[in-house]
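J.: Got a sequence here, can you build the structure:
(one chain, ligands or ions: 1)
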Amino acid sequence: MMIVPELVHLSRDHRHRFRRVTGALVGVSLTHLVQALAVAGALTAVVQARPGLGALWLGVLAMAAVTRLLLRQHQQRLASDLGTAIRRQMRVRVLRRLLVPERLHDVASRAGSARLTAVDAVDGVDAYLTRYLPHVAQVAALCPLLVLAMAAFSPAAAGVLAIFVLLAVVAPRAFNRWMTTRSRERWESYDDLSADVQESLQGMRTLQLLGAVPARRRALRRRSARLHRETVRTMRTSLWESGILDLMIQAGTAVASALAILTAAGVSDGGLLATPFAAVAEDPFRIFAVLVLTSETFRPIRDVSQQWHAGFLGLSAVGTLREHGAFDADPPSPAPPENPGPDDRRRRRASGSLRLEGVHHQYPRTVSPVLRGVEAEFLPDRISVISGPSGAGKSTLFDIVLGLLEPESGQVTLADRRPHPQEIAVASQTPSLLSGTLRENLCLAAPDDVDTPMTLDACADAGLDGLLAELPEGLDTLITEGGASLSRGQAQRVAIARAYLADRPVLLMDEPTSALDTDSARHVLSRLRERAEGRIVLVISHRDDVTAVADQRWHLESGLLRPLDAASSVTAGPPSTHLEEDA
Ligand SMILES: Nc1ncnc2c1ncn2[C@@H]1O[C@H](COP(=O)(O)OP(=O)(O)OP(=O)(O)O)[C@@H](O)[C@H]1O
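T.: You can find the predicted model right below:
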């Protein structure tokens, strides 16, 4: 039996659910025991030619079967609840580790690998936690009781049973180390294949344009063959465990049964060489009970063996789950804010400025800093446009404002305190659109009270009204994952409308008109002026039409952000106050 301490520990966090699952499992096994004893009773009735007693035992047998059916359904429901609770806990922990600035900006980490950990690895250990472990607990709870019950009928057989049960539990542990290595190798293959597939799908257009699809397909086939080899090797290793268990079960059953019969025969005739038939005639129930009890004592172990393969394949994910913090203790939950926070549902406007003070940042494995002590103040009601050469660090600056990247030194404040991520809306140049309706994508970050007129209003301001008029299902039109069913310009307008609907005091826009024609861009920019009311708007752009609507213009180069006009000086603008509510 393979016990993984972290997973046992995890199940302890859900001990009530776990106990209920194991309890129901023990209940199911007890119905088997009652059924087996009923069979022994019925056979006794046949041997003794007592039809009335036989009918009684058959009634018990039927009741045991019905009870088992109901209990099994209940047990499966409980196991599914346990699995949901544990998976949720692990997923929250894994995502907490994955969605941090260092990971998001780690160029060496692969998105496919992260997805695999958060989804497949977490799901993978479900069988171990909800089926294998409760069965192991059942062995611990039930087998000693069954051995004791056997002792009442035949102490010698009980002694033999105890030895074989112990061997069945302990002997396969000799293979644990070997199995752990195999399963880790299998997970690495799975991880590589998964990440490759995801990257291939994301880059399919590029692969097609470059004619690189056949080569990529061959590479994936090689990866897939390696995973197949590793899986077969892993399963072969795991068969040793099942094989040893089966050997112990069969040998234990045979030896204990033979001993029980011989002992019973010896008792009846005063000598061990008497035939089992004489023993059956003398005390049939005792002999039948010993036989069925022998088999029932090994039932929990047989059940563990059946759950083993499903549980074992999932165990290959334990290493990666450990690395991603799935077993780390949860941090204490933060105290509620004294003042109502930005996630308060009422509309909010910023009247305090957004300040960057001495913001300095250098990426790991690079030779020079991308930002060198940036100082700037961005004011409410103003549109600030930031330009700069490619690679100057404009996106880095946005990531720092968003809190996705922690600067090496310096700080970002909104109204003199650290901004909350929910105070900032973003309209990215390459927005992430999810599979679902247009409305779902638009309202992804919107407060609950956003209604259809508000959604249509935001769409109109983002220049999406023309598209909506053409769609028979309007806002309920389904769009495909990644927004593939929309043009680049349409996806960009969805991103702008989504940022408006998020209704936050700071609005960051990355080249908002880069995929728009001149008329659409003019419309979007004219509405932006209204949307900037009460907000701090930062726009990355090089386009003249955007620069024309700017109240403050900035240029980022060589790690420094410089104002391009007097109005952009770090001290310009009205004094900062605090967040105001506009109910
Ligand atoms: N995760 C990262 N690790 C290492 N270097 C990075 C990372 N992200 C960005 N860089 C580097 O930092 C510099 C600034 O990148 P950034 O994306 O912020 O520039 P940008 O001004 O937004 O460029 P563009 O206008 O082309 O989008 C670039 O030289 C880039 O190669």
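J.: For this structure, which residues are neighbours of the ligand?
T.: When proximity is defined as Cβ under 6 Å from any ligand atom, the chain approaches the ligand at 105, 107, 363, 366, 370, 388, 390-396. Glycine gets a C-beta too; all of them are placed from N, C-alpha and C.
J.: Next, give me the two most distant ones among those.
T.: Maximum pairwise distance in those, criterion Cβ to Cβ, is 21.4 Å, between V107 and G388.
J.: Which one of these two is surrounded by more residues?
T.: Per other Cβ atoms under 10 Å, whichever of V107 and G388 has more neighbours is G388, with 19 against 8.
J.: Report the contact partners of the more buried one.
T.: 394, 555-557 (Cβ atoms under 8 Å, 6 or more residues apart in numbering).
J.: among those, which ones are buried?
T.: Buried members of the contacts of G388, scored by 16 or more other Cβ atoms under 10 Å, are 394, 555-556.
J.: Out of these, name the ones that lie in helices.
T.: Residues of those located in helices (DSSP state H): K394.
J.: wait, which of the buried ones among the contacts of G388 is closest to the ligand?
T.: K394 (3.7 Å; Cβ to the nearest ligand atom).
J.: pLDDT wise, what is the closest one at?
T.: pLDDT for K394: 93.
J.: Then L207?
T.: On the pLDDT scale, L207 gets 88.
J.: And D344, by the same measure?
T.: 43.
J.: what's the answer for the one 5 residues further on, then?
T.: Per-residue confidence (pLDDT) for R349: 77.
J.: for V46, same thing?
T.: 90.
J.: R218 - how many residues pack around it?
T.: With other Cβ under 10 Å as criterion, R218 counts 10.
J.: Okay, strands next: where are they in this protein?
T.: 348-349, 354-361, 371-378, 382-387, 409-414, 424-427, 436-437, 478-479, 506-510, 536-540, 552-557, 560-563, 580-581 (DSSP state E).
J.: any idea which of the ones you listed is most buried?
T.: When those are scored by mean count of other Cβ atoms under 10 Å, the highest mean neighbour count falls to strand 536-540 (a mean of 26).
J.: partners of that one, with directions?
T.: Counting by DSSP bridges, the strands paired with strand 536-540 are strand 382-387 (parallel), strand 506-510 (parallel).
J.: and the shortest one, how far from the chain's centre?
T.: Using Cα atoms, centre = their mean, to the nearest Å, the mean C-alpha position of strand 506-510 is found 30 Å from that of the whole chain.
J.: Looking at the contacts of G388, which is nearest A42?
T.: K394 (83.2 Å).
J.: for the stretch 251-400 of the chain, what are the low-confidence residue spans?
T.: Applying pLDDT under 70 to the stretch 251-400 of the chain flags the ranges 260, 263-282, 310, 313, 331-348, 351.
J.: One more pass at 50, please.
T.: The stretch 251-400 of the chain contains residues with pLDDT under 50 at 268-276, 334-347.
J.: G489 - how many residues pack around it?
T.: Residues near G489, counting by other Cβ under 10 Å, number 17.
J.: Disregarding flanking residues, what is the spatial nearest neighbour of it?
T.: A515 (4.1 Å; Cβ to Cβ, 6 or more residues apart in numbering).
J.: do the same with L133
T.: Spatially, and ignoring its direct neighbours in sequence, L133 is nearest to S11 (5.7 Å; Cβ to Cβ, 6+ apart).
J.: Can you name the residue of the stretch 151-300 of the chain nearest the ligand?
T.: Closest point on the stretch 151-300 of the chain to the ligand, by Cβ to the nearest ligand atom, is E199, at 16.7 Å.
J.: Regarding stretch 199-213, how distant is the last residue from the first?
T.: 12 Å (Cα to Cα, to the nearest Å).
J.: What of stretch 535-553?
T.: End to end - Cα to Cα - stretch 535-553 spans 16 Å.
J.: Give me the mean pLDDT for that stretch.
T.: Here the average pLDDT along stretch 535-553 is 91.
J.: swap in stretch 479-498?
T.: On average, stretch 479-498 scores 82.
J.: Backbone dihedrals for the closest residue to L556 other than its chain neighbours, please?
T.: Spatial nearest neighbour of L556, chain neighbours left out: G388 (3.5 Å); criterion: Cβ to Cβ, 6+ apart. Dihedral angles of G388 (phi, psi; degrees, to the nearest 10) stand at phi 160, psi 160.
J.: Distance of G388 relative to L58?
T.: 87 Å (Cβ to Cβ, to the nearest Å).
J.: Repeat that for P505.
T.: Counting by Cβ to Cβ - P505 and L58 are separated by 76 Å.
J.: before we move on, what about C443?
T.: 63 Å.
J.: of those two, who's got more company?
T.: Per other Cβ under 10 Å, whichever of C443 and L58 has more neighbours is C443, with 21 against 15.
J.: I figured the more buried one hits V450, correct?
T.: Yes. The pair C443 / V450 is scored as a contact, 5.8 Å apart, by Cβ atoms under 8 Å.
J.: Which neighbours do the two have in common?
T.: Contacts common to C443 and V450, judged by Cβ under 8 Å, 6+ apart, are L501.
J.: Can you give me every residue that contacts the residue nearest to L133?
T.: Contacts of S11 (Cβ under 8 Å, 6+ apart): 18, 82, 86, 129, 133.
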